[in-house]
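Asker: pasting the sequence and the predicted coordinates here, then a few questions.
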Amino acid sequence: MEVADGRVVTAAVASTQRRRTARIIANALDTAGGTDWNADVAVEVRLTDAPLTLRRPDVVVYRADAVALTPMRAQHVLCVVELVSRASQATGRIVGVHRYVRAGIRHYWRIEWSATGVPVACTYVLDPVSQAYREEAICNGIVHVTEPFPVTIDLTRI
């Protein structure tokens, strides 16, 4: 369940493949983030107070010293990862992205499955001048990036 502009929005339970993918990504980012950053699945993030907007991205990278905050505030979040299914394409590609930009979340990753079943990761970084996400990388199967920190994630083993 999420809250978008003050309205409750419900979603279907994530598939086993989606949950496993999120866990693998979170584990890799948690390790790569060292002691300063944590990465977890399904963390509730409060993007705005009025109108109230709460999102629950598949993976959230946040400051380690904010671990006890519930809900997490956007200013403590470094990166969100959304796993996009056919049912969530509009949210993953447009609506959620716009909300993350407005909240000032620096990194956004979108993971989708290609027609062959191989996960494709698109990573973005927030451009502070244009207030829009700029594409950083498109990775097929294996995510290899240097931001928000150096990490390699093999999504082909899912």
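Answerer: Happy to help now that I have it.

Asker: in three-state terms, label the residue nearest to I138 when sequence neighbours are not counted for me.
Answerer: Taking Cβ to Cβ, 6 or more residues apart in numbering, and ignoring the residues beside it in sequence, I138 has C122 as its nearest neighbour in space, at 5.3 Å. For glycine as for every other residue, the C-beta is placed from the backbone atoms N, C-alpha and C. What DSSP: H, G, I helix; E, B strand; the rest coil gives for C122 is strand.

Asker: ditto for H98
Answerer: helix.

Asker: count the neighbours of it for me.
Answerer: Counted by other Cβ atoms under 10 Å, the residues lying close to H98 total 11.

Asker: again with I158
Answerer: Neighbours of I158 under the rule other Cβ under 10 Å: 17.

Asker: you'd agree it is up against P119?
Answerer: Yes: with contact defined as Cβ atoms under 8 Å, I158 counts as touching P119 (6.8 Å).

Asker: what's the offset of stretch 20-32 from the middle of its chain?
Answerer: Taking Cα atoms, centre = their mean, to the nearest Å, the mean C-alpha location of stretch 20-32 is offset from the chain mean by 11 Å.

Asker: in it, which residues are buried?
Answerer: T21, A22, I24, I25, A26, A28, L29, D30, A32 (16 or more other Cβ atoms under 10 Å).

Asker: give the contact list for the first one.
Answerer: To tie it back to what came earlier, the one meant is T21. With contact set as Cβ atoms under 8 Å, 6 or more residues apart in numbering, T21 has these partners: D58, L83, I111, P119, L155, I158.

Asker: how close does the second one sit to E112?
Answerer: L83 sits 8 Å away from E112, going by Cβ to Cβ, to the nearest Å.

Asker: show me where the chain has its helices.
Answerer: 16-32, 89-90, 96-103 (DSSP state H).

Asker: give me the phi and psi for the residue lying farthest from the centre of the chain.
Answerer: Among the C-alpha atoms of the chain, the one most distant from their mean position (Cα atoms, centre = their mean) is that of T116, at 23.0 Å. Dihedral pair for T116: phi -90, psi 0, per degrees, to the nearest 10.
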